[in-house]
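**Student:** Structure of the sequence below:
(2 chains, ligands or ions: 2)
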Amino acid sequence: MIKHMIKLVWNRKRVNILIMIEIFFSFIVLFAAILGGVFYIDNYLKPIGFEYQNVWRIGISDNQNREESVASETSRNNEPAQPGSPQAVNSKAETVRQLAIAVREFPEVEEVSFATIAPYSNSTMESAMDGDGVPIRFGVDIVSDDFQKALGLQVVLGRWFSREDDGQQYQPVVINQLMARELFGDSDPIGKEPRRPKKGPDKEQSNEPPRRIVGVISDFRKDGEYAASENFMFRRITIDDKMEKTPNNMLIKVRPGATAALEERLIKRLQNSARNFSFEIEPLSKMREEMNLIRLAPVIAGGLIAAFLMIMVAMGLTGVLWQNVTQRTREIGLRRAKGATKNKIYQQILGELVIISTFGLAIGIIIVSQFQILKVIDFISLRVYVMSMIISVILIYALTVLCGLYPSRMATKIHPAEALHYE
Amino acid sequence: MVTSEEISRTAKQSIAHGSPDASDMIRMEGVEKVYRTDRIETVALSNINLAIRKGEFISIMGPSGSGKSTLLNIIGLLDAPSGGKVTINGKHISSYSDRNLARVRNEELGFIFQTFHLINDLSVIDNVEIPLLYRKGSSGSERRSLALQALERVGLSARVHHFPSQLSGGQQQRVAIARAIVGNPKILLADEPTGNLDSQMGDEIMDVLKSLNQTEGTTIVMVTHDPRQADKTERIIRLFDGRQVD
Ligand SMILES: Nc1ncnc2c1ncn2[C@@H]1O[C@H](COP(=O)(O)OP(=O)(O)O)[C@@H](O)[C@H]1O
Ligand SMILES: [Mg+2]
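**Tutor:** Ligands and ions are numbered 1, 2, ... in the order given. The predicted model follows:
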């Protein structure tokens, strides 16, 4: 019977190809929406590698140097490299030290650290490294020694930055596990000094000491739970005379239960220590909410559009199938006359639909697989990709079968004598 | 050689005596058919009594609208009577479920129509195989060989992979006959099988039916307008306005 149905579907390809195309496009749209959803859920279920609870960001802006600060805040693909004038540097380092001391005096404050870019902020720094001739891209942040404790980063190999890195002939860096695996596979990354590319924004400079990996952390997904895990590297800020510019962010860990009143007191105190600077305080938990909203919005919108399209497709498909059944009244009557039960008719209409869907889905799967094979969407893992494909296939089958239920039922209602009555 | 009048008489007697003959293939007792559409009631058949014996070849004649097709559809289980009793090969089919009706249609009955009703998107052989698809436990190769045998019997072995549109009307009707006989039914029902054919092709079809009746012993009930074809059958049942006339 299946062979018979395939033959029939094939011989009626002119009619069926339209349904097939409709199913194909529905699959593509649905797959895109499902892929987004599964990608987010998959990310959400993985640890972000840091603790945002009770961590506050204190934004520091140097009013005298406002433009530079703003420029670096939005910089992409670029680690800040312009040296300020030696005198200014000196006093900046002193100010930052004073600020740290002032904040540490509060008993509610447990840790104080500095970072160029705060988690859940809209800024990003990216760089690349030479992995056997292939540039390996990664996110970067430049942070102080206390950052690891303030954010609760988990060191899985080696160590975090410390005083022992002062005055060394290398720049210490800490990378995440993902990057360690990409650079070195299963071999030990500690002590390795990966080369920087000869060209590009982060190119090797002869006067700079090499970067040496001193530690590996589990992960650091600065954009939070909905962002994919990406290669990440921490470089070290030293608050000394060589400091190039004031870090933009102070990240402090406060005792649980700290309130807005503490924020006000902190701002007042900071303002007194550095009159030329301005400060703003925001808990990471609040930044997280905003970031997650921004990230979720397009997926929700995409999901709604896809759902709407699916409803339109479902209605259209039901209509087309119904019309097909009407056009096949004689054939169905004949089959009944030749011994088909109502059940057999029902199965045949649904079965043919499943066959058409299978053709449409097969083409869809082939096309959608190309994106993964050609690495067009390389930030999405194969696992998420395959899972999304399976879910989409199941949903499309469910949708088409659902659309076919009513027309199939109508087909069983066809009265053989009337169907075969000629005019 | 028995004349049609005699058979007609014996059939009537057996019904009148209420003693069903075991050799009756089809029996109808007091069969009525009323079509109700909105407020119009059409009495298509009223008080039909007949017995058709195993191996008979009979024809049903009557003017257009006299209920010939309705009668044939009721015998062929494509339509249910409004009243009366129908027995097919000893089975009282009135209480049959859809599944059981389908089985009787499939195993005991073969239907041939004026307009052939072939599926245009299937080749000749695939059309002929259709009844076998609704039969349990037949393999693809079995179906194929039975279909080929049926096509051979109607003399169409050379057109197996043609599509219906590539055949003449007479050839198409022969495909339809092959499809009707592929499952070896005991009864063939033909509703004006030669109605759409010229007389030469009509004669060919009649020859095929006649030889099926003679060699296989198939009981054949044929509706026809054509007295020439009706005369080739053993007995004629005449209908007028839904009633049997003698
Ligand atoms: N499905 C139907 N609904 C209503 N009336 C019908 C239907 N089928 C047949 N009839 C009526 O029943 C009568 C007998 O029809 P039919 O058996 O087709 O006649 P014949 O085959 O002898 O030309 C006609 O009056 C016809 O209009
Ligand atoms: Mg008729």
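
**Student:** quick one: low-confidence ranges for chain B?
**Tutor:** In the predicted model, chain B carries pLDDT under 70 at residues B:1-22.

**Student:** Grab the longest helix from it for me.
**Tutor:** When chain B is scanned for its longest helix (criterion: DSSP state H), the result is helix B:199-216.

**Student:** Which secondary structure elements does that helix sit against?
**Tutor:** Applying 3 or more Cβ pairs under 8 Å, 6 or more residues apart in numbering or on different chains; DSSP states H and E, we find helix B:199-216 packed against strand B:57-61, helix B:169-181, strand B:187-191, strand B:219-223, helix B:227-230. (C-beta placed from N, C-alpha, C; glycine too.)

**Student:** which non-adjacent residue is nearest the residue in chain B that chain A sits nearest to?
**Tutor:** Chain A sits closest to B:Asn106 of chain B, with a gap of 2.4 Å, by Cβ to the nearest Cβ. Distances taken as Cβ to Cβ, 6 or more residues apart in numbering or on different chains place A:Gly339 nearest to B:Asn106, at 2.4 Å, with adjacent residues excluded.

**Student:** that's a helix at that neighbour, yeah?
**Tutor:** No: under DSSP: H, G, I helix; E, B strand; the rest coil, A:Gly339 falls outside any helix and is assigned coil.

**Student:** so how far is B:Val223 from the residue nearest the centre of chain B?
**Tutor:** Nearest residue to the geometric centre of chain B (Cα atoms, centre = their mean): B:Leu189, 0.3 Å. Separation of B:Leu189 from B:Val223 (Cβ to Cβ, to the nearest Å): 8 Å.

**Student:** Need the overlap of contacts for the two.
**Tutor:** Taking Cβ atoms under 8 Å, 6 or more residues apart in numbering or on different chains as the criterion, B:Leu189 and B:Val223 both touch B:Leu72.

**Student:** Now the terminal residues of stretch B:159-179, how far apart.
**Tutor:** 14 Å (Cα to Cα, to the nearest Å).

**Student:** and it, how far from the chain's centre?
**Tutor:** Distance, stretch centre to chain centre, for stretch B:159-179: 18 Å (Cα atoms, centre = their mean, to the nearest Å).

**Student:** Now that stretch: buried residues?
**Tutor:** Within stretch B:159-179, the residues that qualify as buried are B:159-160, B:162-164, B:167, B:169-179, counting by 16 or more other Cβ atoms under 10 Å in any protein chain shown.

**Student:** again with stretch B:137-157
**Tutor:** If you call a residue buried by 16+ other Cβ under 10 Å, then stretch B:137-157 has these buried ones: B:Arg143, B:Arg144, B:Leu146, B:Ala147, B:Leu148, B:Ala150, B:Leu151, B:Arg153, B:Val154, B:Leu156.

**Student:** Do any residues in the helix or strand containing the second one lie close to chain A?
**Tutor:** With secondary structure defined by DSSP states H and E, B:Arg144 is part of helix B:140-153. Yes: judged by Cβ under 8 Å from any Cβ of the partner chain, helix B:140-153 and chain A are in contact via B:Gly140.

**Student:** List of residues touching that helix?
**Tutor:** A:3, B:124-125, B:128-129, B:132-133, B:138, B:157, B:159-160, B:175, B:178-179, B:181-183, B:208, B:212.

**Student:** Nearest residue to A:Ile363 in space, ignoring adjacent ones along the chain?
**Tutor:** Per Cβ to Cβ, 6+ apart, closest to A:Ile363 is A:Phe24, 5.4 Å.

**Student:** Nearest residue to the residue nearest to the centre of chain B in space, please, no chain neighbours.
**Tutor:** Here the residue nearest B:Leu189, using Cβ to Cβ, 6+ apart, is B:Gly76, at 4.7 Å.

**Student:** and the residue lying closest to A:Pro283 once chain neighbours are set aside, what does it touch?
**Tutor:** Among residues not flanking A:Pro283 along the chain, A:Trp56 sits closest, at 5.2 Å (Cβ to Cβ, 6+ apart). Counting by Cβ under 8 Å, 6+ apart, A:Trp56 touches A:Leu251, A:Ile252, A:Val254, A:Ala258, A:Glu263, A:Ile281, A:Glu282, A:Pro283, A:Leu284.

**Student:** tell me which element the fifth one is part of?
**Tutor:** The secondary structure element spanning A:Glu263 is helix A:260-273 (assigned by DSSP H and E).

**Student:** Just confirm the residue nearest to B:Leu189 contacts A:Gly339, I think it does.
**Tutor:** No: contact criterion Cβ atoms under 8 Å: B:Gly76 and A:Gly339 do not qualify, at 11.2 Å.

**Student:** Between the two, which contacts overlap?
**Tutor:** Taking Cβ under 8 Å, 6+ apart as the criterion, B:Gly76 and A:Gly339 both touch B:Arg105.

**Student:** Please list the residues of the stretch 201-350 of chain A that sit near chain B.
**Tutor:** With the criterion set to Cβ under 8 Å from any Cβ, the stretch 201-350 of chain A comes near chain B through A:330-331, A:333-344.

**Student:** ok so, going back, mind putting the contacts of A:Trp56 into JSON lines with neighbour count?
**Tutor:** Shown next, in JSON lines, are those (neighbours: other Cβ atoms under 10 Å in any protein chain shown):
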{"residue": "A:Leu251", "neighbour count": "24"}
{"residue": "A:Ile252", "neighbour count": "25"}
{"residue": "A:Val254", "neighbour count": "22"}
{"residue": "A:Ala258", "neighbour count": "19"}
{"residue": "A:Glu263", "neighbour count": "18"}
{"residue": "A:Ile281", "neighbour count": "17"}
{"residue": "A:Glu282", "neighbour count": "16"}
{"residue": "A:Pro283", "neighbour count": "18"}
{"residue": "A:Leu284", "neighbour count": "24"}
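
**Student:** Among those, name the ones in helices.
**Tutor:** Checked against DSSP H, the contacts of A:Trp56 include these in helices: A:Glu263, A:Leu284.

**Student:** Closest to B:Leu197 out of the contacts of A:Trp56?
**Tutor:** A:Leu284 (88.1 Å; Cβ to Cβ).

**Student:** can I assume the closest one is in contact with A:Ala115?
**Tutor:** No: using Cβ under 8 Å, A:Leu284 makes no contact with A:Ala115, being 11.3 Å away.

**Student:** Can you tell me which residues in chain A are near ligand 1?
**Tutor:** Contacts of chain A with ligand 1, taken as Cβ under 6 Å from any ligand atom, map to A:Glu418.

**Student:** Enumerate every residue touching the residue of chain A found nearest ligand 1.
**Tutor:** Nearest residue of chain A to ligand 1: A:Glu418, at 5.1 Å (Cβ to the nearest ligand atom). For A:Glu418, the contact set (Cβ under 8 Å, 6+ apart) comprises A:Gly333.
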